[in-house]
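Colleague: Turn this into a model:
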Amino acid sequence: MKKVITIICLLIAFFIIYFLQANFFTWFTIAGVKPNLFIVLVLFMGLFAGKKIGAVLGLIFGFYLDLVIGRTIGISGIMLGIIGLLGEYFDKNFSKDSRFTIMLMVMGSTILYEFATYMFNVFRLDMTLEIYSFIKILMIEVVYNLIVVIIIYPLFQKAGYAIENTFKTKNVLTRYF
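Modeller: Numbering: from 1, shown residues only. Okay, the predicted model is just below:
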């Protein structure tokens, strides 16, 4: 029952972030670039809930975003699913307690997501390859995501450990109580 309630809370968090992306951050752009909070949410789900929850919810969230605001269906779902899987890898190899390592994880995930999405759009939609403008937009988005992570990290860390206790603890009865 706790897992179902936690997943419902993650869905509510997704829609809150969707509202922030669509409405609030349109007023606060840096050179016309908004942060991509979906990457941060899915990465945190992979870090704290595990690769199954991170990948599945990343796929669902990405396909929903593709249906609502995307030009093609599938690339955001696939990339957010991969970031959910990467969250488990990062959890096993790096510390979640250090804000610096979290920032590096967010930076790497943002670069991976945006690079793969851009390359897909270049090849699939026959867009022209504009390296300078892509790198400029990518760096602004990375910095913006990092600023947001610095601000919301304590909240995500507390919520993340509660999620981790729900999904990753093994309830094993020992021989001696």
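
Colleague: And the helix or strand harbouring K3, what's buried?
Modeller: Element membership for K3 (DSSP states H and E) is helix 2-22. Judged by neighbour count using 16 or more other Cβ atoms under 10 Å, the buried positions of helix 2-22 are T6, I7, L10, A13, F14, I17, Y18, L20, Q21. C-betas here are computed from N, CA, C, even on glycine.

Colleague: what distance separates stretch 36-56 from the centre of its chain?
Modeller: Relative to the chain's own centre, stretch 36-56 is displaced by 5 Å; criterion: Cα atoms, centre = their mean, to the nearest Å.

Colleague: Can you give me the buried ones in it?
Modeller: By 16+ other Cβ under 10 Å, the buried positions in stretch 36-56 come out as 36-51, 53-55.

Colleague: Give the other helices and strands that the helix holding K3 contacts.
Modeller: Where contact means 3 or more Cβ pairs under 8 Å, 6 or more residues apart in numbering; DSSP states H and E, helix 2-22 is packed against helix 37-49, helix 51-69, helix 131-167.

Colleague: Quick check: mean pLDDT of the longest one?
Modeller: The pLDDT scores in helix 131-167 average 90.

Colleague: just use 193 as the starting number from now, easier for me
Modeller: Yep, numbering from 193; the last one is helix 323-359 now.
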